[in-house]
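> Here is the input, now give the coordinates:
(one chain, ligands or ions: 1)
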Amino acid sequence: MDSLTNKNVLLGVTGGIAAYKSAEIVRHLKKSGSSVRVVMTKSAEEFITPLTLQALSGNRVSSELLDAEAEAAMGHIELAKWADAILIAPATANTIARLSSGRGDDLLSTVTLAFDGPVSLAPAMNQAMWRDERTQENLDRLIQKGYEVCGPGSGEQACGDIGLGRMLEPLEILQIFSNSFTKGKMSGKRVLITAGPTQEPIDPVRFITNRSSGKMGYNLAEAAIESGARVTLISGPVDIPKPSNCNFVSVETAQEMYDAVMHHVKEKDVYIGTAAVSDYKPVNTSNLKIKKDGSGKPITLELEENKDILKSVSELQDKPYVVGFAAETDNLLVNADKKLKGKNLDLIVANDVSDKEIGFNSEQNEVTLITLKEKTLIERQSKKKVSRQIIDFISDQI
Ligand code: C5P
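Numbering: from 1, shown residues only. Prediction:
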């Protein structure tokens, strides 16, 4: 379980008889080199005292959502930012139902809701509760979101019943949980991706946009998730399903995308700007629909430049590894190279959009990866495969 070394693990303990085993989980996590913070539900405190888990973890145990002392030091958002992974053991049927419906009415549910990394659950409940279709539906929903479910095991239960529902043993749980960090070359890395077009309103019914489908950015997000990264995807309006198990932020205008990027870029290892950000926006947006006057004379729409998001990220003091896209119709490599240097990027992905087979909205792509040191051609294939190779290339550089 080497992958647990130097990881920040948030252990959620909920109110089941198996809560006494949480103490052993904390002990094993600490032995493996993890830092552990424990969040308990109120009912968990009926089964094991916070003091035990505090002594073993070496950190204050939290359970109150509104705890003035905790908020000053580590409130729910700080805890969610601090954690590399969350393990909830035992996870009761009630907690599973609440997580599945996105409730945020206690500290554990709020932290989990605010967290964008790997979450593992070790269910523990009576066999009839486990079999109940509502529990199974709730779990299916969480699994679809990318949650890992460890167990349960089968055997004699505290209530005397026999069947599935027992919490797995601490070491069995940790074996599965440790995979959260070893799934791929990007394990534990935090990646921010922008995708799709932006829409710049002219009036309430019209806007300026472009032909970006978002496919490249969404495929890159999926490839990064597959490779173990924690992904935040900031997307303009597109018509494709969002990837599961990522933190998804939806925006419309370039200014909204800029604001969202600046908010989320903190503590990211990689920034990939695939979005086709509108270069210009109308200087004035009319609150009312602009009417034609019937004179046949041209009207003028005054435009001003939008901020360059990519350049702004690469100018940050604590900048991540910055990747840009150059969608060009001519002089592909020369123009891409200019952007690499002009925007101070680590990598630029050059994409010839004049070729209909590989341009906007197509299923295929062929790109050249350009760094200051080398040029690497990724041959024509599906955007999914191209994305995997780009992520592989990036993971070798960081
Ligand atoms: O300069 P150009 O728009 O061709 O550069 C393309 C790259 O810059 C893409 O990665 C795109 O996401 C990014 N970009 C940006 N903000 C803008 C314009 C482009 O982040 N306003």
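
> Number of residues surrounding Phe207?
Counted with other Cβ atoms under 10 Å, residues neighbouring Phe207 total 19. (Each C-beta comes from the backbone N, C-alpha and C, glycine too.)

> For Leu4, see how far away it is.
Computed as Cβ to Cβ, to the nearest Å, the Phe207 to Leu4 distance reads 49 Å.

> go on, Asp352?
Distance, Asp352 to Leu4, by Cβ to Cβ: 45 Å.

> Of these two, which one has the most company?
Set Asp352 next to Leu4 and count neighbours by other Cβ under 10 Å: Leu4 wins out with 23 against 20.

> residues touching that one, list them.
By Cβ atoms under 8 Å, 6 or more residues apart in numbering, Leu4 lies in contact with Leu29, Ser32, Gly33, Ser34, Leu174, Phe177, Ser178, Phe181.

> Now the phi/psi pair for it, please.
Per-residue torsions, Leu4: phi -80, psi -10 (degrees, to the nearest 10).

> Report pLDDT for it.
Model confidence at Leu4, given as pLDDT, is 86.

> just Ile48 next, same as before
pLDDT recorded at Ile48 is 96.

> show me what contacts it?
Under the criterion of Cβ under 8 Å, 6+ apart, the contact list for Ile48 reads Val13, Ala19, Tyr20, Ser22, Ala23, Met40.

> Those: which two are farthest apart?
Largest separation among the contacts of Ile48 by Cβ to Cβ: Tyr20 and Met40, giving 12.7 Å.

> if you count what's nearby, which of those two comes out ahead?
Using other Cβ under 10 Å as the criterion, Tyr20 and Met40 rank with Met40 on top: 26 against 13.

> For that one, list each beta-bridge partner.
Counting by DSSP bridges, Met40 forms beta bridges with Val13.

> and the gap between it and Ser100?
Remark: distance between Met40 and Ser100 (Cβ to Cβ) = 20 Å.

> and the stretch 201-350 of the chain, which of its residues are near the ligand?
254, 273, 275, 277, 279, 306, 308-310, 324-326, 339 (Cβ under 6 Å from any ligand atom).

> Inside helices: which ones of these?
Of those, the ones assigned to helices by DSSP state H are Ala254, Ile309, Leu310, Lys339.

> Closest one of the residues you listed to Cys246?
The closest of these, once distances to Cys246 are taken by Cβ to Cβ, is Ile309, at 18.9 Å.

> surely that closest one meets Glu256?
No - look at Ile309 against Glu256 with Cβ atoms under 8 Å: they stay out of range, at 10.8 Å.

> out of those two, which sits in the busier spot?
A side-by-side neighbour count of Ile309 and Glu256, using other Cβ under 10 Å, places Ile309 first with 25 against 16.

> where in the protein is pLDDT low?
Where the chain drops to pLDDT under 70, the residues are 1-2, 67-74, 182-183, 245.

> Mind listing residues that contact the longest helix along it?
Longest helix in the chain, counting residues (DSSP H): helix 383-397. The contact list for helix 383-397 (Cβ under 8 Å, 6+ apart) reads 184-186, 189, 215-216, 219-220, 222-224, 226-227, 229, 270, 272, 321, 323, 346-347, 349, 362-367, 369, 371, 376, 378.

> How about stretch 238-253?
116, 144-146, 195-201, 212-215, 218, 221-222, 225, 230-237, 257, 260, 264, 278, 281.

> For it, C-alpha coordinates in CSV please.
Extracted in CSV, the C-alpha atoms of stretch 238-253 (Å, rounded to 0.1, in the frame of the first residue of the first chain):
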residue,chain,number,x,y,z
VAL,A,238,-22.2,22.2,-26.1
ASP,A,239,-24.5,19.3,-27.0
ILE,A,240,-22.5,16.4,-25.6
PRO,A,241,-22.8,14.5,-22.3
LYS,A,242,-20.5,15.6,-19.5
PRO,A,243,-17.9,13.1,-18.3
SER,A,244,-18.7,11.5,-15.0
ASN,A,245,-16.4,11.8,-12.0
CYS,A,246,-15.2,15.3,-12.8
ASN,A,247,-15.9,18.7,-11.3
PHE,A,248,-18.0,20.3,-14.0
VAL,A,249,-18.5,24.0,-14.4
SER,A,250,-20.8,25.4,-17.1
VAL,A,251,-20.3,28.9,-18.5
GLU,A,252,-21.5,31.0,-21.4
THR,A,253,-19.4,34.0,-22.1
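
> Setting aside sequence neighbours, what's the nearest residue to the residue of the stretch 51-200 of the chain found nearest the ligand?
Ranked by Cβ to the nearest ligand atom, the top residue of the stretch 51-200 of the chain for proximity to the ligand is Thr194, at 6.0 Å. With sequence-adjacent residues excluded and distances taken as Cβ to Cβ, 6 or more residues apart in numbering, Thr194 is closest to Ala275, at 3.7 Å.

> just checking, that neighbour touches Thr209?
No - with contact defined as Cβ under 8 Å, Ala275 does not count as touching Thr209 (11.7 Å).

> joint contacts of these two?
Applying Cβ under 8 Å, 6+ apart, one finds that Ala275 and Thr209 are jointly contacted by Pro197, Thr198.

> Could you check which of these two has the larger neighbour count?
Per other Cβ under 10 Å, whichever of Ala275 and Thr209 has more neighbours is Ala275, with 26 against 15.

> Contact residues of the stretch 51-200 of the chain facing the ligand?
With the criterion set to Cβ under 6 Å from any ligand atom, the stretch 51-200 of the chain comes near the ligand through Thr194.

> just the strands in the stretch 51-200 of the chain please.
Along the stretch 51-200 of the chain, counting by DSSP state E, counting those that start in this stretch, strands occupy 85-91, 119-123, 148-149, 153-156, 162-166, 190-195, 200-203.
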